[in-house]
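K.L.:
Just to be clear, the model below is a prediction. Sequence and coordinates:
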Amino acid sequence: MNRKGAIIAGLLTLALAATGCGSSNSTSPGTSSGPLKLAFVQGVIGDAFYVTMQCGIQEEAAKVGATVSTNGPQKFDPALQTPVLQSVIASQPNAILIAPTDVSAMQQPVQQAVQQNIKVVLVDTTLKDPSIAASAIASDNLGGGKAAFDAIHQLAPNGGKVLVVSVQPGISTTDDRAKGFQDAVKANPSYQDLGVQYSNNDPQKAAQIVSAALQANPDIVGIFATNLFSAEGSATGIRQAGKQGAVKVVGFDAGPDQVKALQDGTVQALVAQQPALIGRDGVTQAVAALKGQPVTKSIGTGFTVLTQANLNSPEGQAAVYKTAC
Ligand code: T6T
């Protein structure tokens, strides 16, 4: 459904609910008794990427007259996200928008939502078998990894050793970003791939990884940090080693801390995603699925590569993530 169609459908729902004329819908709990109930399950709470996505979800939900609840685990961990999802399922929303924290471990818990006739839309991360979801919306993460390498290539054109600091294996987004980056490194014989190290989404661990890597390989020319917390910690590691500017750092995401690191020259480029758009599209797809209208199974969103040169432009400022709606 296009955006206008979604709005019309939402208004219709409200009108039907107000007159008590809503048709009962056996495939979806609660659609006949008031506004559509959407639930957003974040990958982790307190992450500016998911906060910005939440803002987009709330904005679009308000347009179509749906309510939204937002929940998430304390850590980016399927063992913690599963009980959060289970309690969301128990609250019987019409649709769940979820960023699964692991492609395999979250398959069954998400399947349980589908079995309860709740529509599922995957936002950001995906599953091994995403066909159970009505729609899946994500950045072009492979392309983003390649863009990160292109940025390092521009900054360190003579080549050399490069390192990836990622989160943990099994996350579709960061795994794809690392792959996109490493494939590009492989294709350029001037660069030497030092591999991927995992920070478990802990900035302190990312900082330790970078400190240790710079001690073992003082000639590293570039570091790619595949998400917000890896980038935050990588910047700390670079500062602690006194290597600001000497080692080129490209991070995924554009939270406030990362933007500061870009401004002070610790980080040279940020691949900013479009989390609000992912959220808005997620609502549109969920509502379409609930109304039996056509859905788009897979939607790819773009990104903006931020540098000091474009950060203060209107486009650059629009790409920076929010910490509150
Ligand atoms: O990079 C985003 C998100 O796309 C990824 O799946 C997990 O990490 C972030 O939330 C940033 O912390």
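P.N.:
The structure has been received and is ready for your questions. Numbers count the residues shown, from 1 in each chain.
K.L.:
And the pLDDT for the residue most central in space within the chain?
P.N.:
Among the residues of the chain, the one closest to the centroid is Asp124, at 4.1 Å (C-alpha atoms, centre = their mean). Asp124 carries a pLDDT score of 98 in this model.
K.L.:
And the helices in this protein, which stretches?
P.N.:
3-19, 48-64, 78-90, 107-115, 141-155, 172-186, 203-216, 228-240, 256-263, 275-290, 314-319 (DSSP state H).
K.L.:
interface residues of this protein facing the ligand?
P.N.:
Within reach of the ligand by C-beta under 6 Å from any ligand atom, the chain has these residues: 43, 47, 49-50, 124-125, 171, 173-174, 227-229, 252-253, 273. Quick note: C-beta positions are derived from backbone N, CA and C, even for glycine.
K.L.:
Relative to Thr323, which of these is nearest.
P.N.:
Ranked by distance to Thr323 (C-beta to C-beta), the residues of the chain next to the ligand are led by Asp47 at 9.8 Å.
K.L.:
quick one: contacts for the closest one?
P.N.:
Phe76, Leu228, Phe229, Gly255 (C-beta atoms under 8 Å, 6 or more residues apart in numbering).
K.L.:
Wait, the third one touches Val167, no?
P.N.:
What it means is Phe229. Yes: contact criterion C-beta atoms under 8 Å: Phe229 and Val167 qualify, at 7.5 Å.
K.L.:
shared neighbours of those two, anything?
P.N.:
With C-beta under 8 Å, 6+ apart, Phe229 and Val167 have common neighbours Ser199, Asn201.
K.L.:
How about Gln182: what's its closest non-neighbour residue?
P.N.:
For Gln182, ignoring the flanking residues on the chain, the nearest one in space by C-beta to C-beta, 6 or more residues apart in numbering is Asp193 at 5.8 Å.
K.L.:
scratch that, Gln42 is what I was asking about
P.N.:
Gly72 (3.2 Å).
K.L.:
and the one you found, what does it touch?
P.N.:
Gly72 sits next to Val41, Gln42, Gly43, Val44, Ile45, Tyr50, Gln81, Val84 when contact means C-beta under 8 Å, 6+ apart.
K.L.:
Serialize those to CSV and add fields for pLDDT and neighbour count.
P.N.:
Supplementary listing: the contacts of Gly72 in CSV, determined by pLDDT from 0 to 100; neighbours: other C-beta atoms under 10 Å:
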residue, pLDDT, neighbour count
Val41, 98, 29
Gln42, 98, 25
Gly43, 98, 27
Val44, 98, 20
Ile45, 98, 15
Tyr50, 98, 27
Gln81, 98, 28
Val84, 98, 19
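K.L.:
Looking at Gly34 now. What's its pLDDT?
P.N.:
On pLDDT, Gly34 comes in at 85.
K.L.:
meant to ask about Asp150
P.N.:
97.
K.L.:
That one: neighbouring residues, count only.
P.N.:
15 (other C-beta atoms under 10 Å).
K.L.:
hang on, isn't it packed against Ala187?
P.N.:
No: using C-beta under 8 Å, Asp150 is not in contact with Ala187; the gap is 11.3 Å.
K.L.:
pLDDT below threshold where in the stretch 1-150 of the chain?
P.N.:
1-33 (pLDDT under 70).
K.L.:
Bridged to the nearest residue to Val162 once chain neighbours are set aside, which residues?
P.N.:
In space, and not counting its chain neighbours, Val162 is closest to Gly222: 4.4 Å by C-beta to C-beta, 6+ apart. Beta-bridge partners recorded for Gly222 (DSSP bridges): Val162, Lys248.
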